[in-house]
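Asker: Structure of the sequence below:
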Amino acid sequence: MLKSFWLIIVVSISLSIASFDWLLGVSGEYTQKQFSEKVNLALRRTAHFMLKSAGDSTTQIQPVKSFEPNIFVIQMESSLNYDLLPKLLSESFKIHEINQKYDVSVLNCKDGELELGYNSYDFLYNNEVPCGGRRQAKGCYNLKISFANPVEKSNPKPIWLVSTLGVLLIGFVVWNRRKSTGNKPDIIEKTTNSDKLFFADSSFSFINQILETPEKLHDLTYREAKLLNLFLINQNQLLERDYILKSVWEDEGITVGRSLDVFVSRLRKMLQSDAKVQITTIHGVGYKLIIEE
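Answerer: Now for the predicted structure:
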């Protein structure tokens with residue numbers, strides 16, 4: 001009877017938290033995926049009105065590319081009007097509720113040289129940007145936006161509700177343990193994580209995002225863990241680049257570009273102390289994780 005009472009209380013508090021979250025809505029806070037989608041839409045809006053100001057209503061807008069969680073690039077040709085850019089870009093970000101500080105770089109498509117650029121604070125406080133009004137040669141440009149702080153937020157939960165739920169859960173576990181063990185003292189045992197995967201002389205936990213090699217423990221980022229997990233469940237098999245990008249980065253909703261090569265390089269460096277493991281490159285096709293038996 002008492003056990004049922006505790007269970008009812010826990011379920012009731014959980015439902016209260018879920019209801020409170022629903023009432024809060026997003027409240028201007030969002031996840032990294034939502035942030036990427038908003039930036040994507042804002043840059044596409046900017047490109048659209050740039051083309052429109054140049055009298056072009058037919059040219060296809062190029063896809064937005066992302067090379068890191070806080071860096072976005074869109075290619076624009078002769079339609080890029082630097083004098084129009086600051087106001088139009090600021091309006092687009094405001095419409096999509098993006099308030100982070102950012103740097104704008106205009107890069108030449110041919111050699112990647114920086115030709116123009118500014119920080120969002122220049123326009124916000126001075127209503128003008130460096131190099132504005134100067135003659136700009138027609139050509140192909142990459143518009144690069146770098147945000148100072150990548151977003152990784154979720155809705156805050158009321159502290160008192162979370163604390164109450166935690167206390168009740170601990171109380172339920174302690175009561176249930178004492179009931180089953182009588183007057184014996186409580187013993188907290190360290191359990192083995194069920195997701196731990198052993199390979200060669202290393203091990204990997206996707207849940208904890210930890211890679212253990214003969215040399216050291218590595219704390220992985222979410223993308224690094226997701227990429228390594230994909231390699232391990234397909235070990236000794238060739239994985240094409242498009243398949244890897246779709247499996248690891250599909251939730252970004254944007255083109256990732258050469259980020260895959262960077263992440264593979266990071267994993268290689270972490271695994272270099274394990275001589276039985278190797279990530280090989282099949283040029284023009286993809287990658288293969290080879291593990292010696």
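Asker: Stretch 116-123 spans what distance, first to last residue?
Answerer: 14 Å (CA to CA, to the nearest Å).
Asker: so where is the protein shaky, pLDDT-wise?
Answerer: Along the chain, segments meeting pLDDT under 70 span 1-30, 78-79, 135, 149-194, 251-257.
Asker: Enumerate the helices of it by residue range, in sequence order.
Answerer: Under the criterion DSSP state H, the chain contains helices at 2-24, 32-53, 85-95, 120-126, 159-181, 222-233, 241-249, 259-271.
Asker: packing partners for the shortest one?
Answerer: Where contact means 3 or more CB pairs under 8 Å, 6 or more residues apart in numbering; DSSP states H and E, helix 120-126 is packed against helix 85-95, strand 102-108. Using the backbone N, CA and C atoms, a C-beta is placed for each residue, glycine as well.
Asker: can you list contacts of the first one?
Answerer: With contacts defined as CB atoms under 8 Å, 6 or more residues apart in numbering, helix 85-95 is touched by 42-43, 45-46, 49-50, 99, 102, 104, 118, 120, 122-124, 128-129, 132, 143, 145.
Asker: Just the buried positions in it, please.
Answerer: Neighbour-count burial for helix 85-95 flags Leu85, Pro86, Leu88, Leu89, Ser90, Ser92, Phe93 (criterion: 16 or more other CB atoms under 10 Å).
Asker: ok, of these, which one's closest to Asp274?
Answerer: Using CB to CB, Phe93 comes nearest to Asp274 of the buried residues of helix 85-95, at 44.7 Å.
Asker: how near is the closest one to Lys246?
Answerer: Using CB to CB, to the nearest Å, Phe93 is found at 28 Å from Lys246.
Asker: What of Asn119?
Answerer: 35 Å.
Asker: who has more neighbours, the two?
Answerer: Counted by other CB atoms under 10 Å, Asn119 and Lys246 do not tie: Asn119 has more neighbours, with 15 against 11.
Asker: The more buried one: what's it in contact with?
Answerer: If you count contacts by CB under 8 Å, 6+ apart, Asn119 has them with Lys101, Tyr102, Asp103, Val104.
Asker: Around Ala42, how many other residues sit close by?
Answerer: Look at Ala42: counted by other CB under 10 Å, it has 23 neighbours.
Asker: no, scratch that, I was asking about Leu41
Answerer: 16.
Asker: Please name the spatially closest residue to it (chain neighbours excluded).
Answerer: Nearest non-adjacent residue to Leu41, counting by CB to CB, 6 or more residues apart in numbering: His96, 5.6 Å away.
Asker: Would you confirm that that neighbour contacts Asn40?
Answerer: No. With contact defined as CB atoms under 8 Å, His96 and Asn40 do not form a contacting pair (9.2 Å).
Asker: Of these two, which one has the most company?
Answerer: The residue with more neighbours, out of His96 and Asn40, is Asn40; 21 against 16, by other CB under 10 Å.
Asker: on that earlier part again, for the helices and strands packed on helix 120-126, please prepare JSON lines with the additional fields distance to Glu212.
Answerer: Listed next are these as JSON lines, based on distance: least, CB to CB, whole Å:
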{"stretch": "helix 85-95", "distance to Glu212": "42"}
{"stretch": "strand 102-108", "distance to Glu212": "38"}
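Asker: separation between Arg241 and Lys216?
Answerer: 29 Å.
Asker: let me redo that: Val73
Answerer: Applying CB to CB to Val73 and Lys216 gives a distance of 34 Å.
Asker: which of the two has more neighbours?
Answerer: Remark: of Val73 and Lys216, Val73 carries more neighbours, 21 against 9, as counted by other CB under 10 Å.
Asker: ok, now which ones touch that one?
Answerer: With CB under 8 Å, 6+ apart, Val73 has these contacts: Val64, Lys65, Ser66, Phe67, Asn142, Leu143, Lys144, Ile145, Gly257.
Asker: how near is the fifth one to Gln75?
Answerer: In this structure, Asn142 and Gln75 are 5 Å apart, going by CB to CB.
Asker: what is in contact with the two at once?
Answerer: Counting by CB under 8 Å, 6+ apart, the contacts common to Asn142 and Gln75 are Cys109.
Asker: quick one, what contacts Gly133?
Answerer: Counting by CB under 8 Å, 6+ apart, Gly133 has contacts Asp83.
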